[in-house]
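**Student:** pasted the sequence and its predicted model underneath.
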Amino acid sequence: MLYLKRITSFYLLFILFSCEIINHSSDQRKNVLIILADDLGYSDLGCFGSEISTPNIDFLASSGTIFSNFYTSPLCAPSRAMLLSGNDNHVSGIGIQAFSSPNYGYEGILSNRVAILPEVLKINGYKSYMVGKWHIGGDPYNRGFDKTFALLPGAFSHYDNNKPIRGYPDSAFSENGKKRFWDVGKYSSDFYTDKLIEFLEPVDKDPFFAYASFTAPHWPLQVDEKYSNNYKGIYDEGYDVLKIKRFNSLKGKNIIHKEKVFPSFETLYSSWNKLDDYEKSVESRKMEIYAGMIENLDFNVGRIIKFLKENGLYDNTVILFMSDNGAAGEDFYYNNTYGNYIQENFNYDYEDMGKPNSFVSLGVGWAEAITSPFRLYKGYTTSGGMKSPLIISGINENKISSSNEFLSLLDIAPSIYDLLNIKYPLFFNNNELSPPIGESVIPYLKSESSIIHKDDYVFAFEHSGNSFLKKGEWKIINTIQPFNVSNFELYNIKNDISEITNKKNMNREIYDDLIVEWNNFSKSRRLIFPTPYIDNLK
């Protein structure tokens, strides 16, 4: 009898000890926070050489890894679908931004062919929270998030309910699945941060995934003068001068090679010297407001970091900071499609710039300056439209401070699953799933691998005819409408990062190989040509 009691006591202690280990392990599972900026340019952060004050984002970079060869998509909605799913934008249902149809890949809403990060993490014991811009159809509350405050369409005023696009709903915001209006006077980045901190309180034992999808510095350019006035006069020399300054700063930060020569290629904007004094003052003010929006965004990143530290969460949280695409060059106030409505509801007066009743956009000159040395900007499949800053912080084993290894949005979700030791399900909600097609960056960050992708890895993208395919150091690009496969150009992006010299006729064998890869990609994604819809952003 005594023997049985001893055995029983032993097993009780074993069970209790085992439970303690399991609970302890559960408590130590990493939290994950994705901070997504909207239309942030490649060189807009201090850690990338910018004159804009971003100490909090720079702090993340100093304790993590800067990736200087990170590819997004060239537009907002496809990028968000790719980020959350780890899959192609067509597989994810967002073949064309602002377009929906019954056709595969062009549904205009996040597809049930994919399960996204909050859905997969939820079935693995995670709480998920989302604030900010959604823009991929439906409501995020129905896609695995426990708490949300979301802007459902692609853009809005940063202070009130004055919608910038006629076709947008009057109530474009949703809180936990219920439509609501904006609290007039609240500023977007400040309010999204308030909501995220509210969602994370009270701190509980469940690990969390948080998706902070800010709408800054997306148009309309609006921010309090206490931020924009910090940049008074800094941009009076113009975008031609800023382009050279940013280029040299990127070299100084070792983001691009120090021997790189300032590139010379055709631009889409008028020279600064051709503008009159008033036009120069308007352009300078635009950039001052834009810079102020980024400084405010950084301030709110600091608020999040402070909250995590004060609540004992920071050391156990992996933070990823990135932008969704290149800088925005479009001018919506004078846009052929959207301009009339905007002019009826906003103004362009110099004295009001940055205020809630004003609507100004960054414009081509500044967009090209802050994407230099890359060519073009948002909307184009050149590197200027698809290269963005990426910072990953919070992986303890990480000893790599900066990297020029290629990776893309498709690699983010697989990396998170790998980090958390989570397997992507074969089925979800009775739907057979298409698994992520990206690869994990975690072995590289832990120095278990010297590369992220092999040289024969293919990354391709198509949106409304704008197309791109990369394999190793070679890349084909098509930006001509209507789409024709013969219009692809070939660039060696190892030696020609600015994509100036078309090597199509000089390296025909390589070009033909990439066209074969393109045809395979086009067939597998069921691409439709002529493209079903072209949004007029010009």
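**Tutor:** It's in. Numbers count the residues shown, from 1 in each chain.
**Student:** how about the helices of the protein, start to end?
**Tutor:** Here the chain has its helices, by DSSP state H, at 2-27, 55-62, 76-85, 117-122, 188-200, 225-228, 239-252, 277-310, 339-345, 364-371, 383-386, 412-419, 442-445, 508-524.
**Student:** how about the last one: buried residues?
**Tutor:** In this case it means helix 508-524. 510, 511, 514, 515, 517, 518, 521, 522 (16 or more other CB atoms under 10 Å). Backbone N, C-alpha and C define where each C-beta goes, glycine included.
**Student:** same deal with the second one?
**Tutor:** Applying a neighbour-count criterion of 16+ other CB under 10 Å, the buried positions in helix 55-62 are 56, 57, 58, 59, 60, 61.
**Student:** identify the residue spatially nearest to the fourth one, adjacent ones excluded.
**Tutor:** Looking back up the chat, that one is residue 59. residue 305 (7.1 Å; CB to CB, 6 or more residues apart in numbering).
**Student:** just to revisit the earlier point, which stretch in the helices of the chain is the model least sure about?
**Tutor:** Lowest mean pLDDT within the helices of the chain: helix 2-27, a mean of 38.
**Student:** follow-up on the earlier one: how about the helices of the chain, which one is nearest residue 163?
**Tutor:** helix 339-345 (7.9 Å; CB to CB).
**Student:** which positions within the closest one qualify as buried?
**Tutor:** 341, 342.
**Student:** cool, stretch 128-141 as well?
**Tutor:** 128-137, 139-141.
**Student:** now do the same contact list for the residue nearest to residue 59.
**Tutor:** 56, 59, 60, 314 (CB atoms under 8 Å, 6 or more residues apart in numbering).
**Student:** before we move on, the earlier item: among the buried residues of stretch 128-141, name the ones in strands.
**Tutor:** Of those, the ones assigned to strands by DSSP state E are 128, 129, 130, 131, 132, 133.
**Student:** quick one: the residue nearest to residue 59 and residue 148, what's the gap?
**Tutor:** 22 Å (CB to CB, to the nearest Å).
**Student:** which member of the buried residues of helix 55-62 is positioned nearest residue 39?
**Tutor:** Looking across these and measuring by CB to CB, the closest to residue 39 is residue 57, at 15.7 Å.
**Student:** gap between that closest one and residue 249?
**Tutor:** 16 Å.
**Student:** one more: residue 139?
**Tutor:** Distance from residue 139 to residue 249, by CB to CB: 41 Å.
**Student:** residue contacts, the closest residue to residue 531 other than its chain neighbours?
**Tutor:** Leaving aside its chain neighbours, residue 531 sits nearest to residue 465 (4.4 Å; criterion: CB to CB, 6+ apart). Residue 465 makes contact with 478, 480, 481, 482, 483, 529, 530, 531, 534, according to CB under 8 Å, 6+ apart.
**Student:** for PyMOL, what selects the buried ones among those residues?
**Tutor:** Remark: buried members of the contacts of residue 465, expressed as a PyMOL selection using 16+ other CB under 10 Å:
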select buried, resi 478+483+531
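**Student:** number of nearby residues for residue 287?
**Tutor:** By other CB atoms under 10 Å, the residues close to residue 287 number 25.
**Student:** and the nearest residue to it once chain neighbours are set aside, what's its pLDDT?
**Tutor:** Among residues not flanking residue 287 along the chain, residue 235 sits closest, at 4.1 Å (CB to CB, 6+ apart). What the model reports as pLDDT for residue 235 is 98.
**Student:** list the contacts for residue 235?
**Tutor:** 242, 283, 284, 287, 288, 291.
**Student:** which of those sit farthest apart?
**Tutor:** Distance extremes for the contacts of residue 235: the farthest pair is 283 and 291 at 13.0 Å, using CB to CB.
**Student:** got the end-to-end distance for stretch 51-71?
**Tutor:** 23 Å (CA to CA, to the nearest Å).
**Student:** tell me how far that stretch lies from the chain's centre.
**Tutor:** The chain centre lies 14 Å from the centre of stretch 51-71; the measure is CA atoms, centre = their mean, to the nearest Å.
**Student:** same question for stretch 45-53.
**Tutor:** Worked out by CA atoms, centre = their mean, stretch 45-53 lies 18 Å from the chain centre.
**Student:** for the spatially most central residue of the chain, give its distance to residue 83.
**Tutor:** The centroid of the chain falls nearest to residue 324 when counting by CA atoms, centre = their mean (2.3 Å). Distance of residue 324 to residue 83, given as CB to CB: 8 Å.
**Student:** what do those two both touch?
**Tutor:** residue 36.
**Student:** contacting residues around the residue nearest to residue 91 when sequence neighbours are not counted?
**Tutor:** Among residues not flanking residue 91 along the chain, residue 434 sits closest, at 5.1 Å (CB to CB, 6+ apart). Residues near residue 434 by CB under 8 Å, 6+ apart: 87, 91, 113, 114.
**Student:** so of those, which ones are in strands?
**Tutor:** Short answer: these have none in strands (DSSP E).
**Student:** greatest separation within those: which pair is it?
**Tutor:** For these, and using CB to CB, no pair is farther apart than 87 and 113, which are 7.9 Å apart.
**Student:** which one of these two has more residues nearby?
**Tutor:** residue 87 (26 against 19).
**Student:** for residue 301, which non-adjacent residue is spatially closest?
**Tutor:** In space, residue 301 is closest to residue 56, 4.5 Å off (CB to CB, 6+ apart).
**Student:** surely that neighbour touches residue 297?
**Tutor:** No: counting by CB atoms under 8 Å, residue 297 is not a contact partner of residue 56; they are 9.2 Å apart.
**Student:** of the contacts of residue 235, buried ones?
**Tutor:** Buried among those by 16+ other CB under 10 Å: 242, 283, 284, 287, 288, 291.
**Student:** out of those, the closest to residue 28 would be?
**Tutor:** Distances from residue 28 to these, taken by CB to CB, are shortest for residue 291, at 39.7 Å.
**Student:** on that earlier part again, give the contact list for the residue nearest to the centre of the chain.
**Tutor:** Applying CB under 8 Å, 6+ apart, the residues contacting residue 324 are 36, 37, 38, 39, 40, 72, 73, 76, 79, 80, 83, 388.
**Student:** name the nearest residue to the third one, ignoring sequence neighbours.
**Tutor:** Across the structure, with CB to CB, 6+ apart as the measure, the residue nearest residue 38 apart from its sequence neighbours is residue 218 (3.9 Å).
**Student:** repeat that for the last one.
**Tutor:** Excluding the flanking residues, the one nearest residue 388 by CB to CB, 6+ apart is residue 323, at 4.0 Å.
**Student:** residues in contact with the one you found?
**Tutor:** Per CB under 8 Å, 6+ apart, neighbours of residue 323: 36, 37, 38, 39, 40, 41, 72, 388, 389.
**Student:** neighbours of the last one, how many?
**Tutor:** Read that as residue 389. 24.
**Student:** what do you get for the fifth one?
**Tutor:** Counted with other CB under 10 Å, the neighbours of residue 40 add up to 29.
**Student:** gap between it and residue 270?
**Tutor:** 24 Å.
**Student:** where does the stretch 401-538 of the chain have low pLDDT?
**Tutor:** 536-538 (pLDDT under 70).
**Student:** what ranges does it have for its strands?
**Tutor:** 402-403, 407-408, 427-428, 431-432, 458-463, 466-471, 474-478, 489-492 (DSSP state E, counting those that start in this stretch).
**Student:** walk me through which strands the fourth one pairs with, and which way each runs.
**Tutor:** I take that to be strand 431-432. Counting by DSSP bridges, the strands paired with strand 431-432 are strand 427-428 (antiparallel).
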